[in-house]
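1. give the three-dimensional model of this entry:
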Amino acid sequence: MGPIVGIREFIGMLSRRGPVMAALLVVCVLVALAQALALPRAFESVAVLQVQPTVLTGGVDSGDTATRLRTIEQRIMARNNVLAMIDRFNLYDDTPLSEDEKVAQFRQDVRINFVAGVTASAGAMEEVSAIQVTAQTGTAAGSANLANDIVDQIQTGNLRERDQRLSELIGTLETQDRRALEAIAAVEADLAAFRTENTDRMPENLEFLAAEQTRLEGQRTELIRSLQALERERLALEVGTSELGRQEPLAQQLRILEVDLAQARRTLAPNHPEVQRLEAQIDALREGDGQQMSVGQSRQIDLIRQQEESLQLELAAIDRRLPMIAANVAGIPEVSETMADYTRRLAALEVPRMAIAERLSQARLDQSLVTSDYGQQMILLESATEAEYPLSSGRKRLAMLGVVLGLGLALLSGFLLEVRRPVLRTQAMVTKYLGVAPIASIPFRPTAREQVVQRTRNAASFVILIAGVVVGVILVLNR
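-> Now for the predicted structure:
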């Protein structure tokens, strides 16, 4: 045959090829319907949690909600926890899935969505304002119970995670604060020991040392003058007046020896042989000359010598003290630099220690407020309820696809059968395909046998279609 042109040719094709086309259509529709009905039903339940903002200004309860909730989500979707929920709610018991496949299917059926809130300013950290938990299972009660269980896990995990983070933060800050205090105490101990070792070289003693140095230098000058006056007075008594000319050589010797002894004592040790020799000579001359002096003169000379010894002791103490003062004054710049270094070290330790102390105080306040329910809270806005109707799960789409595929195969089979037996049934087709215009055309009149065959074909097509409808209804009712 040629192409189908017109409605009459199309209806004729349906009449001639009806049983085959009906059979293909029914088979495709029934197969698609069976596959659609074999798909598992899915019920979906949704629970919603509202995340109320915290009244705290810092700490783990403010600013890191999204991170904390992501951590909780990861723990809920961990393999062990997923398998525990599958066993608890008897999920996928009627499916031949392995544990890995069950876990993968569970993660597809359960979704935890975080709804972002409105940020206070541009660039501010995005906060979570709500949490939506969606669960799909084979039963309405199972999906609702699963969604509510996950909500309970989120609330419990949030409290546990928040308390754990606060405790860890406080413990870490306390350790850091203790280390900072120990470091500061060590530097302060070193500073105290340094001040003890360098008491006389402290910068604050500079004015006192300068005043003491000036005072001792003046005292030293006065002592030297007093010693010189006492020496002159003693020599005058020992030498005597001009009438005692016979004593002049002896007195002159004593004066020379005593001058040499005074110079030797200033440069030599007291037990030096030269000092001992001069002292012995002076004692010998005095013993030999004692008979020539009066008792009063001898007593006065002894007093003068005692005064000279006392002044010499004071002068020696001043001579020892002045170099010490000079050394202390010279060491003050070095001590000042060391003290400044200690001060810088203490300041460098105090700044982070104050920050740690402030952060620790804030964390303890946060813990106290969180314990009193002033922290971030999660309120159940909508608990999961049992769904009244299952999800489509693609059943309708699969059934419609079967119908369309059956119609297409039925029409294709009819056209192929027509092409297998080509027949020219109209004058136009004869003229078109043979190039000869027929002189006359006689309408086709089927015989009685052909009419019976045609009626049988139509009845068979109708019966096939009715049977397909009945089988489809039975499949639907059995499901």
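
2. buried residues in the helix or strand residue 406 falls within?
-> Here residue 406, judged by DSSP states H and E, is contained in helix 395-420. Within helix 395-420, the residues scored as buried using 16 or more other CB atoms under 10 Å are 395, 398, 399, 402, 405, 406, 410, 411, 413, 414, 415, 418. For glycine as for every other residue, the C-beta is placed from the backbone atoms N, C-alpha and C.

3. surely the fifth one and residue 28 touch.
-> In other words, residue 405. Yes - with contact defined as CB atoms under 8 Å, residue 405 reaches residue 28; the gap is 5.1 Å.

4. regarding residue 385, what is its secondary structure?
-> The three-state label given to residue 385 by DSSP: H, G, I helix; E, B strand; the rest coil is coil.

5. quick check, it in contact with residue 143.
-> No - taking contacts as CB under 8 Å, residue 385 lies outside contact range of residue 143: 9.6 Å.

6. between the two, who's got more neighbours?
-> residue 143 (29 against 15; other CB atoms under 10 Å).

7. packing partners for whichever strand or helix holds residue 150?
-> Using DSSP H and E, residue 150 falls within helix 140-197. Applying 3 or more CB pairs under 8 Å, 6 or more residues apart in numbering; DSSP states H and E, one finds that helix 140-197 contacts strand 43-52, helix 65-76, helix 79-88, strand 110-116, strand 128-137, helix 295-371, strand 377-382.

8. quickly compare those and say which is most buried.
-> Neighbour counts (mean count of other CB atoms under 10 Å) averaged over each of the helices and strands packed on helix 140-197 peak at strand 128-137, with a mean of 21.

9. who touches that strand?
-> Outside strand 128-137, the residues that touch it by CB atoms under 8 Å, 6 or more residues apart in numbering are 42-51, 65-66, 69, 89, 91, 109-118, 143-144, 146-147, 150-151, 154, 378, 381, 384, 391.

10. let me see the mean pLDDT of stretch 42-59.
-> The average pLDDT within stretch 42-59 is 74.

11. give me the common contacts of residue 385 and residue 143.
-> With CB under 8 Å, 6+ apart as the test, residue 385 and residue 143 both reach residue 45.

12. quick one, what contacts residue 333?
-> Residues near residue 333 by CB under 8 Å, 6+ apart: none.

13. okay, it and residue 448: tell me how far apart.
-> Distance of residue 333 to residue 448, computed by CB to CB, to the nearest Å: 141 Å.

14. same thing with residue 148?
-> 75 Å.

15. so between the two, which is more surrounded?
-> Taking other CB under 10 Å, residue 148 and residue 448 do not tie; residue 148 has more neighbours (18 against 7).

16. please name the nearest non-neighbouring residue to that one.
-> Setting aside the residues directly before and after it, residue 148 is nearest to residue 384 in space (CB to CB, 6 or more residues apart in numbering), at 5.0 Å.

17. okay but residue 325 is in contact with residue 212, surely?
-> Yes - between residue 325 and residue 212 there is a contact under CB under 8 Å: 6.1 Å.

18. tell me what the helix holding residue 406 is packed against?
-> The contact analysis (3+ CB pairs under 8 Å, 6+ apart) places helix 395-420 against helix 7-16, helix 18-38.

19. worst mean pLDDT among these?
-> Lowest mean pLDDT within the helices and strands packed on helix 395-420: helix 7-16, a mean of 69.

20. who's in contact with residue 98?
-> Counting by CB under 8 Å, 6+ apart, residue 98 touches no other residue.

21. going forward, count from 31.
-> In the new count, where the first residue is 31, that last one comes out as residue 128.

22. contact partners for residue 109?
-> With contact set as CB under 8 Å, 6+ apart, residue 109 has these partners: residue 133.

23. relative to residue 111, how far out is the residue nearest to residue 118 when sequence neighbours are not counted?
-> Residue nearest to residue 118 in three dimensions, not counting chain neighbours: residue 179, with 7.7 Å by CB to CB, 6+ apart. Distance from residue 179 to residue 111, counting by CB to CB: 11 Å.

24. do me a favour and average the pLDDT over stretch 114-124.
-> For stretch 114-124, mean pLDDT is 87.

25. again with stretch 349-356
-> For stretch 349-356, mean pLDDT is 85.

26. pull out the buried residues from stretch 255-267.
-> Residues 256, 257, 260, 261, 264, 265, 267 are the ones in stretch 255-267 that count as buried (16+ other CB under 10 Å).

27. what sits against residue 292?
-> Applying CB under 8 Å, 6+ apart to residue 292 gives the contacts residue 261.

28. in the helix or strand hosting it, what's buried?
-> Here residue 292 sits within helix 278-297, counting by DSSP H and E. Applying a neighbour-count criterion of 16+ other CB under 10 Å, one finds 280, 281, 284, 285, 287, 288, 290, 291, 294, 295 buried in helix 278-297.

29. same deal with stretch 116-136?
-> Buried residues in stretch 116-136, counted by 16+ other CB under 10 Å: 116, 119, 121, 122, 127, 132, 133, 135, 136.

30. circling back: out of the buried residues of helix 278-297, which comes closest to residue 197?
-> residue 295 (79.6 Å; CB to CB).

31. ok, now how distant is that closest one from residue 338?
-> Distance of residue 295 to residue 338, given as CB to CB: 11 Å.

32. same check on residue 111?
-> Computed with CB to CB, the distance linking residue 111 and residue 338 is 103 Å.

33. repeat that for residue 492.
-> Per CB to CB, residue 492 is found 160 Å from residue 338.

34. quick one on the thing from earlier: tell me how far the helix holding residue 436 lies from the chain's centre.
-> Remark: helix 425-450 is offset 63 Å from the chain centroid, using CA atoms, centre = their mean, to the nearest Å.

35. between that helix and helix 48-68, how many degrees?
-> Here helix 425-450 runs at an angle of 160 degrees relative to helix 48-68 (axes from the mean of the first three to the mean of the last three CA atoms, to 10 degrees).

36. re earlier: roughly how far is the helix holding residue 292 from the heart of the chain?
-> On CA atoms, centre = their mean, the centre of helix 278-297 falls 89 Å from that of its chain.

37. give me the angle between that helix and helix 325-401.
-> Counting by the same axes, to 10 degrees, helix 278-297 lies at 10 degrees to helix 325-401.

38. helix 278-297 - what's its average pLDDT?
-> In this model, helix 278-297 has a mean pLDDT of 71.

39. same question for stretch 260-268.
-> Regarding stretch 260-268, the rounded mean pLDDT is 72.
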